[in-house]
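Chemist: Structure, please.
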Amino acid sequence: FFSKAWRQDLWLVNGLPMADPKDKLFSEFYSEVKLIEKRDAALTPKQQIDRLNRPGCTYFNLNPFDVLQIDPDVSMTDIKSRYRQMSLLVHPDKNQDDSERAKKAFDAVTKAYKALEDTTNYRKCLEVVQEAKDRVIQMVCEKRRRSKGEPIDEDDPAKVDRFHLTDFSAHPIVTLVQTRRVRSNLQIVRRSRAVAGR
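Modeler: Okay, the predicted model is just below:
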């Protein structure tokens, strides 16, 4: 569908067709389209159901931002649209071949949305993320102090997953793990208080 003259200006860079370097607008647009395609490829119902039912899902699904695959600083309208998108993907009626696991995934998505919908719960979730960020910063500073000027793993971009969907800081994986730990510790405290209160 490109004209012959236009096709002559195309060439492959890293396996992707790129326009003449002078045409930055096209190359930016094309790379954005490829990123959207890559992101949407991960949004298949089976993959989402598997992700929300993986081993240890009770631990992983405590973080509502992780369940909905969003950053903590997105707006409420983005949270709502992401909830609608995720709930349609994992809805038990749309996944009747795996309805039991789909129901469990749908419940996790609904629980995450309800946690973020309430302003007080949303603030608490943000506090947990902030506490995790603070722990990561403290941990990295301590590692740097102990390494005495040597580079550490967290500073090496090749060792840090920059394309993780919940990129909370310069050290997304470590922050994500810390967020999960803080949330699970809070859950353990809640359960022990509930047992003690009986």
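Chemist: and Arg144, how many residues sit next to it?
Modeler: With neighbours defined by other C-beta atoms under 10 Å, the count for Arg144 comes to 15. From N, CA and C alone the C-beta is placed, and that goes for glycine too.
Chemist: How about Arg101?
Modeler: 17.
Chemist: That one: what's it in contact with?
Modeler: Under the criterion of C-beta atoms under 8 Å, 6 or more residues apart in numbering, the neighbours of Arg101 are Ile49, Asn53, Asn95.
Chemist: Where does it sit, in terms of helix or strand?
Modeler: Assigned by DSSP states H and E, Arg101 belongs to helix 99-117.
Chemist: Name the residues of that helix that are buried.
Modeler: By neighbour count, with 16 or more other C-beta atoms under 10 Å as the criterion, the buried positions of helix 99-117 are Arg101, Ala102, Lys103, Lys104, Ala105, Phe106, Ala108, Val109, Ala112, Tyr113, Ala115, Leu116.
Chemist: again with stretch 134-147
Modeler: Neighbour counts using 16+ other C-beta under 10 Å place Arg135, Val136, Val140 of stretch 134-147 among the buried residues.
Chemist: now the helix or strand where Asp134 lies against helix 99-117, angle please.
Modeler: Using DSSP H and E, Asp134 falls within helix 119-147. Interaxial angle, helix 119-147 versus helix 99-117 (axes from the mean of the first three to the mean of the last three C-alpha atoms, to 10 degrees): 90 degrees.
Chemist: What helices and strands are in contact with helix 119-147?
Modeler: Using 3 or more C-beta pairs under 8 Å, 6 or more residues apart in numbering; DSSP states H and E as the contact test, the elements touching helix 119-147 are helix 64-68, helix 99-117, helix 172-196.
Chemist: returning to what we had before: just the contacts of Arg101 now: which is nearest Lys124?
Modeler: Distance from Lys124 was checked for each of these by C-beta to C-beta. The minimum falls on Asn53, at 25.5 Å.
Chemist: Quick one: residues in contact with whichever strand or helix holds Gln47.
Modeler: Counting by DSSP H and E, the secondary-structure element that holds Gln47 is helix 45-52. Residues outside helix 45-52 that contact it (C-beta under 8 Å, 6+ apart): 61, 67, 86, 89-90, 94-95, 98, 101-102, 104-105, 108-109.
Chemist: so where's the chain uncertain?
Modeler: Applying pLDDT under 70 to the predicted model, the residue ranges of the chain that meet it are 1-30, 32-42, 151-178, 180, 183, 198.
Chemist: Where do the domain boundaries of the protein fall?
Modeler: According to automatic domain parsing, the chain comprises the domains 1-36, 43-50+71-117, 134-198.
Chemist: Wait, Tyr59 touches Ser184, no?
Modeler: Yes. At 5.4 Å, Tyr59 and Ser184 qualify as touching, with contact defined as C-beta atoms under 8 Å.
Chemist: and these two? which has more neighbours close in?
Modeler: Set Tyr59 next to Ser184 and count neighbours by other C-beta under 10 Å: Ser184 wins out with 16 against 13.
Chemist: do you know how far that one is from Lys111?
Modeler: 15 Å (C-beta to C-beta, to the nearest Å).
Chemist: if I look at Lys104, how far off is Thr110?
Modeler: Following C-beta to C-beta, the distance that separates Lys104 from Thr110 is 11 Å.
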